[in-house]
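J.: need a 3D model of the sequence below.
(chains A and B)
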Amino acid sequence: MTTSEAIGRDPGPDLLAWPLLGSLLLRRRLWQGLMLAVSIVLIVHGFLGPQLAPKNLSTLVVWVHYRGLLIATLLLAGNIFCMACPFMLPRDLVRRFTRPVRAWPRALRGKVPGVVLFVFVLYTYELFDLWASPWATSLVIVLYFALAAAVDACFSGAPFCKSVCPIGQFNFVASTVSPLEVRARDSGTCATCSGHECLTGNTEREARGCETGLFLPEKVGNMDCTFCLDCARACPHDNVMLTTRLPGEELMDDRSGSGVGRRSNRGDLALLALVFTFGALLNAFGMVSPVYAFQQGLAAALGTTSEAAVLGVLFGIVLCLEPALLLGGAAALSRRALPARLGLWTVVVRFAHGLVPLGVGVWAAHYGFHLLTGLWTFVPVAQKAAADAGLPLLGVPRWGVGGLREGIVQPIEMGLLGLGTVVSLVVLWSIARREAPRRTLAAYLPWAIVALALCASAVWLLSQPMEMRGTFLES
Amino acid sequence: MRLAWHGLLGVSLLLAWAGPLAGTLHAHEGPPFPILVDEVDGPWSISVWADPDVGTGTFWIQIEATPGVDLPDDTRASVHVRPADGRLDETTWPAEPEAWDRGQQHVAKVEFPTREFWQVRIVLESESAAQTTERTLRVEVTPPGYGPLDLLLYLWPFLALAALWIKAIGKRRAAIRACAPAGLECGSEPGSDA
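T.: As a prediction, the model looks like this:
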């Protein structure tokens, strides 16, 4: 029996049963094909088109539109971009010729490789000014395709999605606050099922099972779910639904889920959640003017002119030192209220997921700003690209179209940040109540202060003059 | 759950405090957008980017060399504006040269007193090339941001959404609590041992 059934709640609408929408959602190849076509255009234009970022589709679409739409779909629906991931098409093609049998090395399972790559992407983004380089952006897309195909050509399952892909890890964390979830319609049907096709695949239907190892009746939340709907295609009982839920509720849920286990036992998941949250602030910090003064001060203090070194120190401060001080302090204070004597890291692991909604708020505010203020900028660039390619089908470039005014976007930014902070405060309270039922307030307050401090720093960041990377011809 | 409401109130106050700061001290500038791109005239390939805010608007005039022709070193740029309806006289604003690694960049700061469409004339001159060119464009001048009260007003939908979410979570927790005594698998109750 599912939780919804148990508490007598309507299980919610099944989007897969809706006319048109349901069949469209189940046609994954269609979405992947569309994304592949877009990727090819971006790659070609990035390598062969004008090398000024605002005039090139590669930089404009990837750094302004794709990132904004990614976080928007995660907030409004779910992990739709993983569902439509084009990187899986060449990988599936390779797998027609090779059947990998080797398992992904045990030491690399979990989220640590993805976390390392996520930080690496953030670092190279800053170091090589990827937003300003169309050919480098195209190279990144090509490398993504190659890495996905290489990893999954050598190892069985979907280790690229589950453990390696930095975008995937970002999506997994952010989808914990998504309003949609794939789950079993009726757990009674699952209880009588002996084939477990949702996990193992269905040869009759030529459908594979869940490649990230989620057994649907025991699945808890969206972590590791790519929304690929392989389970829905494979289930012989058609007992899989895509339905609504309360965003963020799974962050309070510490049941052991299939393929994931208990959150409170997963240090790597906590690490991912923390890098996601502090990385949001770091990425936003890299976009505002004061970062340059800070970097110059840092370079002078270190006596170096190496940007790589200065950036490395900056990353170390924001991703290691700052979390160590803030979270270590909060853990030290809150563990006094816990019934059992726990190590600091163990306490951090249990509370870390409470900061995820705040992180989502910062990412959404940041990427939303770029998307909304540059909403239509792809139109003239696409028109120009088509004309340059000898296909003036899109008409004369309409330079001058931009997006929403900053006066409208600014309240949206603050609203998203505030919403994330409120959800974080509630999730942290819930975790504190679970961990310290007798002294909840004492366990909660240090974490609430951390959340409010991060929110205040994000407000400051979002009120600084932005560098208009990817939309402006830099001097 | 009462604490959640207090949290909502706290964040509202935080944003209410920060909102005016963000709205007045540091307007979060929107990106400039191109109003003219790669227009070739004489020795110049001209692009113009604009951030036309009420108060002070900014224009970046970027000049690249056309193939086989050197850029004249003495190129001067200026911006001339007047309301599109022609009710005021045109005013002239010089554009100051700035370093730009792809050619020449000139930046003009222009005063726009009102929100409306303005006619903007960009003029380039070079004595050594004995060349003058101009382009006339129409630009909508918009306010750089709202005031603090407007900011708060536009924040309310988000605060209402947060309040709805808190209410829903509270109801759900109550429902899970109600089913727990029956020994049902209720999922992890928010705020209880799972």
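
J.: CA only for contacts and neighbour counts going forward, please
T.: Noted.

J.: could you pull out the helices for chain B?
T.: Counting by DSSP state H, one finds helices in chain B at the ranges B:2-20, B:148-179.

J.: comparing those by mean pLDDT, which bottoms out?
T.: Note on the helices of chain B: lowest mean pLDDT is at helix B:2-20, with a mean of 60.

J.: can you get me a residue count around residue B:124?
T.: Neighbours of residue B:124 under the rule other C-alpha atoms under 10 Å in any protein chain shown: 20.

J.: show me the beta-bridge partners of it.
T.: Note on residue B:124: beta-bridge partners by DSSP bridges are residue B:77, residue B:133.

J.: poorly predicted segments of the chain, please.
T.: In the absence of a named chain, chain A is used. Across chain A, the ranges flagged by pLDDT under 70 are A:1-10, A:466-475.

J.: was after chain B, sorry
T.: B:1-31, B:144-151, B:180-194.

J.: quick one, helices of the stretch 101-250 of chain A?
T.: Secondary structure of the stretch 101-250 of chain A by DSSP state H, counting those that start in this stretch: the helices cover A:112-127, A:134-154, A:159, A:166-174, A:187-191, A:197-200, A:230-234.

J.: which residues does the shortest one contact?
T.: Same thing as helix A:159. Helix A:159 is contacted by residues A:104, A:109, A:151-152, A:212 when judged by C-alpha atoms under 8 Å, 6 or more residues apart in numbering or on different chains.

J.: CSV for those residues, including distance to chain B and neighbour count?
T.: Listed next are those as CSV, based on distance: C-alpha to the nearest C-alpha, whole Å; neighbours: other C-alpha atoms under 10 Å in any protein chain shown:
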residue, distance to chain B, neighbour count
A:104, 31, 18
A:109, 26, 16
A:151, 36, 18
A:152, 34, 23
A:212, 22, 20
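
J.: any chance of the residues you listed in a markdown table, with distance to residue A:160 too?
T.: Listed next are the contacts of helix A:159 as a markdown table, based on distance: C-alpha to C-alpha, whole Å:
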| residue | distance to residue A:160 |
| --- | --- |
| A:104 | 9 |
| A:109 | 10 |
| A:151 | 6 |
| A:152 | 6 |
| A:212 | 10 |
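
J.: can you tell me which of these is closest to residue A:455?
T.: residue A:109 (32.4 Å; C-alpha to C-alpha).

J.: hang on, the closest one packs against residue A:164?
T.: No - in this structure, residue A:109 is not within contact of residue A:164 by C-alpha atoms under 8 Å, at 9.1 Å.

J.: now residue A:76: how far from residue A:85?
T.: The spacing between residue A:76 and residue A:85, counted by C-alpha to C-alpha, to the nearest Å, is 18 Å.

J.: the residue nearest to residue A:355 when sequence neighbours are not counted - how many residues pack around it?
T.: Closest residue in space to residue A:355, ignoring its immediate chain neighbours: residue A:424 at 5.5 Å, by C-alpha to C-alpha, 6 or more residues apart in numbering or on different chains. Other residues lying near residue A:424 total 29 when counted by other C-alpha under 10 Å.

J.: ditto for the one 4 residues further on
T.: Per other C-alpha under 10 Å, the neighbour tally for residue A:428 reads 28.

J.: and what about it, helix, strand or coil?
T.: helix (DSSP: H, G, I helix; E, B strand; the rest coil).

J.: list the residues that contact it.
T.: By C-alpha under 8 Å, 6+ apart, the contact set of residue A:428 is A:351, A:354-355, A:444, A:447-448.

J.: mind running it again at 6 Å?
T.: By C-alpha atoms under 6 Å, 6 or more residues apart in numbering or on different chains, the contact set of residue A:428 is residue A:354.

J.: circling back to that earlier point, higher neighbour count, residue A:76 and residue A:85?
T.: With neighbours defined as other C-alpha under 10 Å, residue A:76 and residue A:85 compare such that residue A:85 has more, 20 against 14.

J.: hang on, the earlier thing: please identify the deepest-packed of the helices of the stretch 101-250 of chain A.
T.: Highest mean neighbour count of the helices of the stretch 101-250 of chain A: helix A:230-234, a mean of 26 (counted as mean count of other C-alpha atoms under 10 Å in any protein chain shown).

J.: who are the packing partners of that helix?
T.: Where contact means 3 or more C-alpha pairs under 6 Å, 6 or more residues apart in numbering or on different chains; DSSP states H and E, helix A:230-234 is packed against helix A:197-200.

J.: off-centre distance for the helix it packs on?
T.: 25 Å (C-alpha atoms, centre = their mean, to the nearest Å).

J.: swap in stretch A:316-323?
T.: Per C-alpha atoms, centre = their mean, the centroid offset for stretch A:316-323 relative to its chain is 21 Å.

J.: what is the end-to-end distance of that stretch?
T.: In stretch A:316-323, first residue to last residue: 10 Å (C-alpha to C-alpha).

J.: what comes into contact with stretch A:438-458?
T.: Residues from elsewhere that reach stretch A:438-458, judged by C-alpha under 6 Å, 6+ apart: A:330, A:334, A:337, A:429, A:432-433.

J.: and the gap between the residue in chain A positioned nearest to chain B and residue A:368?
T.: Nearest residue of chain A to chain B, counting by C-alpha to the nearest C-alpha: residue A:407, 3.6 Å away. Distance of residue A:407 to residue A:368, given as C-alpha to C-alpha: 14 Å.

J.: and these two? which has more neighbours close in?
T.: Counting neighbours by other C-alpha under 10 Å for residue A:407 and for residue A:368 shows that residue A:368 has the greater number, 27 against 22.

J.: now do the host helix or strand of the more buried one: which elements does it pack against?
T.: Applying DSSP states H and E as the criterion places residue A:368 in helix A:356-373. Using 3+ C-alpha pairs under 6 Å, 6+ apart as the contact test, the elements touching helix A:356-373 are helix A:67-76, helix A:267-285, helix A:406-435.

J.: kindly recompute the last result at 8 Å.
T.: Helix A:356-373 sits against helix A:67-76, helix A:166-174, helix A:267-285, helix A:406-435, helix A:440-462, with contacts defined as 3 or more C-alpha pairs under 8 Å, 6 or more residues apart in numbering or on different chains; DSSP states H and E.

J.: can you put these in a markdown table and add distance to residue A:378?
T.: Formatted as a markdown table, the helices and strands packed on helix A:356-373 follow (distance: least, C-alpha to C-alpha, whole Å):
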| stretch | distance to residue A:378 |
| --- | --- |
| helix A:67-76 | 13 |
| helix A:166-174 | 22 |
| helix A:267-285 | 23 |
| helix A:406-435 | 18 |
| helix A:440-462 | 24 |
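
J.: what's the neighbour count on the closest residue to residue A:82 other than its chain neighbours?
T.: Using C-alpha to C-alpha, 6+ apart and skipping the chain neighbours, the partner closest in space to residue A:82 is residue A:226 (5.2 Å). Counted by other C-alpha under 10 Å, the residues lying close to residue A:226 total 26.

J.: wait, residue A:226 sits on residue A:78?
T.: No - counting by C-alpha under 8 Å, residue A:226 stays clear of residue A:78, with 9.1 Å between them.

J.: can you tell me the closest non-neighbouring residue to residue A:57?
T.: Of all residues not flanking residue A:57 in the chain, residue A:42 sits nearest, at 5.9 Å (C-alpha to C-alpha, 6+ apart).

J.: next, that neighbour: phi, psi?
T.: Per-residue torsions, residue A:42: phi -60, psi -40 (degrees, to the nearest 10).

J.: ok, residue A:150 - contacts?
T.: Taking C-alpha under 8 Å, 6+ apart, we find residue A:150 in contact with residue A:91.

J.: contacting residues for the closest residue to residue B:122 other than its chain neighbours?
T.: The shortest distance from residue B:122 to any non-neighbouring residue, by C-alpha to C-alpha, 6+ apart, is to residue B:79 (4.8 Å). Residues near residue B:79 by C-alpha under 8 Å, 6+ apart: B:92-95, B:108, B:110, B:120-123.

J.: from those, pick the one nearest residue A:384.
T.: Using C-alpha to C-alpha, these come closest to residue A:384 at residue B:122, 22.6 Å.
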